[in-house]
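>>> I would like to see how this sequence folds:
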Amino acid sequence: MRHWIAAAAAASVVACNVGVRLDRDREELAATDRAFSDATAERGAEGWVEYFADGGSMVIEGGVVTGRDSIRALMTPVFGDTAFSLTWEPVEADVSAARDLGYTRGRYLSRRRLADGRTVTARGTYVTIWKRQGDRSWKAVLDIGTPDGPPDTAQAN
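Here you go, the predicted structure:
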């Protein structure tokens, strides 16, 4: 009988430790997503590309862009526009039991200014799927954003 009690106690300790590690991994993944947003705000396309895995993909209107070089080529003109900004905040992060895959889901906000001074604002939801790398860092393997609807255009002041 004592063996069963000891085995049950050991299993409880292991399960508790796994839960604590998963909670830490979720927090780490959410922090990585926030750092991704900060790096993008600071360094534009280079900050954006830094957080993608080598074979990472973005789902865009009309298809999928895969690989850092292709993502950089797509996003450099977007972030090169100084009247454009993109920020986001994760509202959920989860990690697989194996602790090697995870996702973040959150809200984004983009703004750009038109030549006539009007501001275009778009809001939406995103999901990013992340994969743990050999160096234990998280890199995006798939990024998908869905707008809430048509962008809002505000008159220039």
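>>> please make it C-alpha for all contacts and neighbour counts, starting now.
OK.
>>> what residues are up against residue 123?
By CA atoms under 8 Å, 6 or more residues apart in numbering, residue 123 lies in contact with 107-110, 147-149, 151.
>>> point out where this protein drops to low pLDDT.
1-20, 155-157 (pLDDT under 70).
>>> quick one: the strands in it?
In the chain, the strands defined using DSSP state E lie at 52-60, 63-66, 85-95, 101-113, 119-132, 138-147, 152-154.
>>> which outside residues touch the second one?
Which is strand 63-66. Here strand 63-66 has contacts from 55-59, 71, using CA under 8 Å, 6+ apart.
>>> cool, the third one as well?
Counting by CA under 8 Å, 6+ apart, the neighbours of strand 85-95 from elsewhere in the structure are 22, 25-27, 29-30, 33-34, 37-38, 40-41, 79, 101-112.
>>> in it, what counts as buried?
Within strand 85-95, the residues that count as buried by 16 or more other CA atoms under 10 Å are 85-90, 93-95.
>>> ok so, going back, tabulate the strands of the chain (TSV), appending distance to residue 46.
Formatted as TSV, the strands of the chain follow (distance: least, CA to CA, whole Å):
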stretch	distance to residue 46
strand 52-60	10
strand 63-66	16
strand 85-95	14
strand 101-113	18
strand 119-132	18
strand 138-147	14
strand 152-154	28
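>>> ok, how many other residues are close to the closest residue to residue 95 other than its chain neighbours?
Closest residue to residue 95 apart from its sequence neighbours, by CA to CA, 6 or more residues apart in numbering: residue 102 at 4.1 Å. Number of residues near residue 102 (other CA atoms under 10 Å) recorded here: 23.
>>> just confirm residue 102 contacts residue 96, I think it does.
Yes: contact criterion CA atoms under 8 Å: residue 102 and residue 96 qualify, at 5.9 Å.
>>> if I look at residue 31, how far off is residue 78?
25 Å (CA to CA, to the nearest Å).
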